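Engineer: how does the following fold in three dimensions:
(one chain, ligands or ions: 2)
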Amino acid sequence: MPWKLSTEFTFDSAHVIEGYDGPCGRLHGHTYRVRMELESQRLRPSAHVRRDIMVADFKSLKWAKKDVEQGGLDHMFLNEHPDLGGDTTAEVMAAFLHRETMRRIRDTLDAGDSGDDLRLRVFLWETPESCCEYWE
Ligand SMILES: Nc1nc2c(c(=O)[nH]1)N=C([C@H](O)[C@H](O)COP(=O)(O)OP(=O)(O)OP(=O)(O)O)CN2
Ligand SMILES: [Zn+2]
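Structural biologist: Numbers count the residues shown, from 1 in each chain. Ligands and ions are numbered 1, 2, ... in the order given. Below is the predicted model:
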């Protein structure tokens, strides 16, 4: 792939792993770290600039760092997120971040651009030592 964007950000949220027989089954929080890597064969316009000069706007990869009241995941009780179904493992969260980020990027593509050349890889750290990686 000719181009690869990468960006990292954090958000602070609370969760419980329902049914977990141990401390993770009690309410606790993490400073989640996210790394997004987006590969593309071509450059495109974005919502803010109409020339073919971006893989995607970095802003479109960082939506989750916003406060929950602005549509992100920061300062949220993650078990209440309607798209997570109550399960908030790093595996479930990484797959959700991938799905939702690709949906948002596809929404910005021009008519006739399928975005088939875009490949997203999501890394989600629950703690500084423990990371889940998700791609398709
Ligand atoms: N495969 C998974 N295992 C665990 C997950 C998960 O999402 N996927 N989550 C947890 C808990 O949320 C826990 O808060 C994080 O676990 P861990 O990395 O073990 O963090 P600790 O700081 O508690 O690690 P210690 O080294 O044991 O102190 C658990 N497992
Ligand atoms: Zn946890």
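Engineer: can you report phi and psi for Arg119?
Structural biologist: With angles defined as degrees, to the nearest 10, Arg119 sits at phi -130, psi 120.
Engineer: could you count how many residues lie near the residue nearest to it when sequence neighbours are not counted?
Structural biologist: Spatial nearest neighbour of Arg119, chain neighbours left out: Glu39 (4.4 Å); criterion: Cβ to Cβ, 6 or more residues apart in numbering. The way it works is simple: take the backbone N, C-alpha and C, and place the C-beta from them, glycine included. Neighbour count for Glu39, taken as other Cβ atoms under 10 Å: 17.
Engineer: do the same with Leu27
Structural biologist: 9.
Engineer: tell me who's in contact with the residue nearest to Arg119.
Structural biologist: For Glu39, the contact set (Cβ atoms under 8 Å, 6 or more residues apart in numbering) comprises 1, 3-4, 55, 118-121.
Engineer: list buried residues within these.
Structural biologist: If you count burial by 16 or more other Cβ atoms under 10 Å, the buried members of the contacts of Glu39 come out as 55, 118, 120-121.
Engineer: so for stretch 65-85, first residue to last residue, what's the gap.
Structural biologist: 20 Å (Cα to Cα, to the nearest Å).
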